[in-house]
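K.L.:
Turn this into a structure:
(2 chains)
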Amino acid sequence: MKELNIFLAAFRALQRNKLRSFLTMLGIIIGVGAVITMLAIGQGAEYSVKEQIASLGTNVLIIFPGSQLQGGLRVGAGSMTTLTQEDAQAIQTECPAVAYVSPDTRANGQVIAGNLNWATGIEGVGTDYLQIRQWDIQSGNFFTDQDVKAAAKVCVLGTTVADNLFPDSNPVGQTIRITNVPVKITGVLVQKGQNAMGQDQDDIILAPYTTVLDRLSRFPYLREIIVSATSSNDIDLAQKQITDLLRMRHKINSFNDDDFTIRNQSDLASAATSTSQILTILLASIASVSLLVGGIGIMNIMLVSVTERTREIGIRMSVGARGKDILTQFLIEALVLSLLGGVTGIIFGVAGSSIISSFAGWPTFITAFSIVLSFGFSILVGLFFGFYPARKASMLNPIDALRYE
Amino acid sequence: MSTNILSLPSGIMPDAAEAAGNENLSPGYAPVTHNLIKIDNLEKTYAMGDVEVHALRGVSLNVICKEFVAIMGASGSGKSTFMNILGCLDKPTNGTYILDNINVGSFSRDELALIRNRKIGFVFQGFNLLSRTTALENVELPLFYNSTSTKLRKEKSIEALKKVGLGERIYHYPNQLSGGQQQRVAIARALVNDPSIVLADEPTGNLDSKTSIEVMEIFQKLNDQGITIILVTHEPDIALFAKRHIVFRDGKIKSDKINEVPNKASEELKTISSIEDEAEV
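P.N.:
Numbers count the residues shown, from 1 in each chain, chains lettered A, B, ... in the order given. Sure, this is the predicted structure:
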């Protein structure tokens, strides 16, 4: 009850100087609004970076034959022939942390369709490949397990290949010749654009790995096995399960090195994520400077207010207000200023970030954390900068305060 | 002991009961045993730079319940300093001050604030009301600092305003009231906490003579109801309404006399209004 009265009294005192109170609050409003907006932009950026990395496949593991750490003689990774189709099968069935597995082999060749031709890479993959790479078919169908088993002469085209070989017609159902082998087109992939290295990911033909191994490649061994873990958190677990399985299958004893190498992209992902986190922190700390300036505004106005109301303080003291009461009164006035400013700032911040995301097209993300953080910070600012003026008021000598003109 | 009384609001009660019990005794200077104020050899020294100013040089004084004391003296005689100490706004350098059986000489700032709240009502020359705050809220102010409930606060404040004849104007702001009315709001504020003593520092200094007499009428009425009043004034005709005259000079009490036949403010007002009536005719 008494607390409510104190709040009401503070509210009324601020009401007497509406414009001044509003201008003081404006500092906090802008500060809180800026912090929320900047955090929203930063977290939006962080989110879209994570999205992009996820599209690269953060939970993807690539198993190469051969080791970079082979004792004595060093052989370039990939030049060995130790990975087999059975390895891929075993990984699929025996590693619970693995979601999808696709063997991978490559061939290069001149592709001919009618009177047009195009030199491109032919990737021999399994049917899980699209899931692992988070890719999709835009027209037609992907080849089936049946096609893989039968080493059928089928393929799907990347958009770059499709545009070059079939500029005017639908490639699905047509036949192309890859190094003189006629291959039927079952579908066209969705455009994926450039990868992180600037390579055109759409300049590709996907065919069953069995077809590539048996009919197209001059090096009929698996180059790698691509695997996706069940989630990006399970990458380390999946890597361990695969390592244990392959060591067992390849009969490698504990004294010898692996005859394969597993790579993942989580390092890249964590680097990119931490970069965008730094961006968020940077933006928020710049914005919090304005919150600090708002706090100084509160202190300034409260100091003026204490001087202006010295006589009032004297009167209150003469009728029995203790220093503590005066301190509370002015502190609560500062607190009410920062509280109201904080609430208004939250509204402005939320509105501001949705305006930015709709006009500039940036993704923005407002989290409960950013609201709690900026609101809590504004209250702290009010308390911190309100304390000195309030203390000054409470230390006044009642006689001097009463005589103050 | 004294701090115990302070911390418990009920500690005030025995004094109030005692005051009520004394009501049928003859007021003022009659031989009453209860000494409301006991001051012994009070000294106050200010340090003005390197020079020490002796504002009070050993003042001793007893005031009993229901007295109406006028303190007079030229400016610089120490009467204002004395009032500040009496009102627990200031601390003496030396000497003892016992108010209502509590030795307040050694009290801390907060304890003095509590004494001001519970035992003392102030009336100032410049009214000292909070502007942009209604008469009612001004009167409620002392109750705000002792956790009185909202309902009781309003009841007591309206009652106090009625006592000074402002029951109709409780929602007026000070700038909507005349000087005399403002001073009456201030008196209501002084009364609202049922203080042991009302201290008035030149309460008529800013008022014209008729309004001054009106204010003095209120003080006399309150005194008749048993409230002890100490008044500082430099106007001899105002002092004539009090029952005891104390004159200060050079930080000491020069004279302390009883005014056997105080003027009756109510009668003077009648005279004034009859003169005014004649002038109108």
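
K.L.:
in stretch A:27-43, what's buried?
P.N.:
A:27-43 (16 or more other C-beta atoms under 10 Å in any protein chain shown). In this view, the C-beta of every residue, glycine as well, is placed from N, C-alpha and C.

K.L.:
quick one: which of those residues sit in helices?
P.N.:
Cross-referencing these against helices under DSSP state H gives A:27-43.

K.L.:
Mind listing what's buried along the host helix or strand of A:Arg106?
P.N.:
Assigned by DSSP states H and E, A:Arg106 falls within strand A:98-113. Judged by neighbour count (16+ other C-beta under 10 Å), strand A:98-113 contains these buried residues: A:98-107, A:109, A:111-113.

K.L.:
so who does A:Leu327 touch?
P.N.:
Neighbouring residues of A:Leu327 by C-beta atoms under 8 Å, 6 or more residues apart in numbering or on different chains: A:Ala390, A:Arg391, A:Ala393, A:Ser394.

K.L.:
Please name the residues that touch A:Gly121.
P.N.:
The neighbours of A:Gly121, taking C-beta under 8 Å, 6+ apart as the test, are A:Arg106, A:Ala107, A:Asn108, A:Asp203, A:Ile204, A:Ile205.

K.L.:
quick check: angle from the helix or strand hosting it to strand A:98-113?
P.N.:
Following DSSP H and E, one finds A:Gly121 within strand A:116-125. Using axes from the mean of the first three to the mean of the last three C-alpha atoms, to 10 degrees, one finds that strand A:116-125 and strand A:98-113 are set 160 degrees apart in direction.

K.L.:
hang on, the earlier thing: could I get the buried residues of strand A:98-113 as CSV with pLDDT?
P.N.:
Output for the buried residues of strand A:98-113, formatted as CSV (pLDDT from 0 to 100):
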residue, pLDDT
A:Val98, 90
A:Ala99, 89
A:Tyr100, 91
A:Val101, 92
A:Ser102, 92
A:Pro103, 92
A:Asp104, 90
A:Thr105, 89
A:Arg106, 86
A:Ala107, 86
A:Gly109, 84
A:Val111, 90
A:Ile112, 90
A:Ala113, 88
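
K.L.:
now, the most widely separated pair of the residues you listed?
P.N.:
Taking C-beta to C-beta as the measure, the buried residues of strand A:98-113 reach their widest spread between A:Val98 and A:Ile112, a distance of 38.1 Å.

K.L.:
which SS state does the residue in chain B positioned nearest to chain A fall under?
P.N.:
Residue nearest to chain A within chain B: B:Asn117 (2.3 Å; C-beta to the nearest C-beta). Secondary structure, DSSP: H, G, I helix; E, B strand; the rest coil: B:Asn117 is helix.

K.L.:
Could you report the neighbour count for the residue lying closest to it once chain neighbours are set aside?
P.N.:
Sequence neighbours aside, A:Gly320 is the residue nearest to B:Asn117 in space, at 2.3 Å (criterion: C-beta to C-beta, 6 or more residues apart in numbering or on different chains). Applying other C-beta atoms under 10 Å in any protein chain shown, we find 25 residues neighbouring A:Gly320.

K.L.:
Please apply the same query to A:Ile296.
P.N.:
Using other C-beta under 10 Å, A:Ile296 has 12 other residues around it.

K.L.:
Can you give me every residue that contacts it?
P.N.:
A:Gly27, A:Phe385.

K.L.:
Is A:Pro363 within a helix or a strand, and which one?
P.N.:
A:Pro363 belongs to no helix or strand, assigned by DSSP H and E.

K.L.:
Residues of the stretch 101-250 of chain B that sit close to chain A?
P.N.:
Residues of the stretch 101-250 of chain B lying close to chain A (C-beta under 8 Å from any C-beta of the partner chain) are B:109-110, B:113-114, B:116-118, B:122, B:124, B:128-130, B:132, B:141-142, B:144-147, B:149-150, B:189, B:193.

K.L.:
returning to what we had before: can you check the pLDDT for the residue of chain B closest to chain A?
P.N.:
Reported pLDDT at B:Asn117 in the predicted model: 92.

K.L.:
Hmm, the residue nearest to B:Asn117 is touching B:Leu143, no?
P.N.:
No: with contacts counted by C-beta atoms under 8 Å, A:Gly320 stays clear of B:Leu143, the gap being 9.3 Å.

K.L.:
what do those two both touch?
P.N.:
Common neighbours of A:Gly320 and B:Leu143 (C-beta under 8 Å, 6+ apart) are B:Asn193.

K.L.:
show me where the chain has strands.
P.N.:
Reading this off chain A. Counting by DSSP state E, chain A has strands at residues A:60-65, A:98-113, A:116-125, A:137-140, A:154-157, A:175-178, A:181-189, A:204-208, A:224-229, A:260-264.

K.L.:
looking at chain B here, not the other one
P.N.:
Using DSSP E, strands in chain B cover B:35-48, B:51-64, B:68-73, B:94-99, B:102-103, B:120-123, B:197-201, B:228-232, B:244-249, B:252-258.

K.L.:
Would you mind finding the most buried of the ones you listed?
P.N.:
Per-stretch averages of neighbours, counted by mean count of other C-beta atoms under 10 Å in any protein chain shown, single out strand B:120-123 among those, with a mean of 26.

K.L.:
same for it, what does it pack against?
P.N.:
Helices and strands touching strand B:120-123, by 3 or more C-beta pairs under 8 Å, 6 or more residues apart in numbering or on different chains; DSSP states H and E, are helix B:179-191, strand B:197-201.

K.L.:
which other residues reach that strand?
P.N.:
So strand B:120-123 is contacted by A:318-319, B:87-88, B:116, B:128, B:142, B:183, B:186-187, B:189-193, B:195-201, B:203 (C-beta under 8 Å, 6+ apart).

K.L.:
next one: stretch B:139-149
P.N.:
Residues outside stretch B:139-149 that contact it (C-beta under 8 Å, 6+ apart) are A:1-2, A:5, A:9, A:315-316, A:319-322, A:325, B:9, B:113, B:117-118, B:121, B:130, B:152-154, B:156-157, B:160-161, B:185, B:188-189, B:192-193.

K.L.:
Drop anything exposed from the residues you listed.
P.N.:
Looks like the contacts of stretch B:139-149 have A:9, A:315-316, A:319-322, A:325, B:113, B:117-118, B:121, B:130, B:153-154, B:156-157, B:160-161, B:185, B:188-189, B:192-193 buried, using 16+ other C-beta under 10 Å.

K.L.:
How many residues are close by A:Val343?
P.N.:
Residues lying near A:Val343 (other C-beta under 10 Å) number 16.

K.L.:
now swap in A:Thr280 and tell me
P.N.:
20.

K.L.:
my read: it touches A:Ala45, true?
P.N.:
Yes: if you go by C-beta under 8 Å, A:Thr280 and A:Ala45 touch, sitting 7.3 Å apart.

K.L.:
Quick check: A:Asn17 vs A:Ile301, distance?
P.N.:
9 Å (C-beta to C-beta, to the nearest Å).

K.L.:
between the two, which one's more packed in?
P.N.:
Using other C-beta under 10 Å, the more surrounded residue of A:Asn17 and A:Ile301 is A:Ile301, with 24 against 15.

K.L.:
The more buried one against A:Met25, yeah?
P.N.:
No: in this structure A:Ile301 lies outside contact range of A:Met25 using C-beta under 8 Å: 9.7 Å.

K.L.:
follow-up on the earlier one: joint contacts of A:Asn17 and A:Ile301?
P.N.:
Shared contacts of A:Asn17 and A:Ile301, defined by C-beta under 8 Å, 6+ apart, are absent.

K.L.:
And the strands of chain A: which comes nearest B:Ser178?
P.N.:
Nearest to B:Ser178, of all those, is strand A:224-229, at 87.4 Å by C-beta to C-beta.

K.L.:
Report the mean per-residue pLDDT for the closest one.
P.N.:
What strand A:224-229 shows for mean pLDDT is 89.

K.L.:
And the contacts of that strand?
P.N.:
By C-beta under 8 Å, 6+ apart, the surrounding residues in contact with strand A:224-229 are A:57, A:59-65, A:78, A:83, A:87-88, A:91, A:95, A:97-104, A:125, A:128-129, A:131-133, A:235, A:237-238, A:242.
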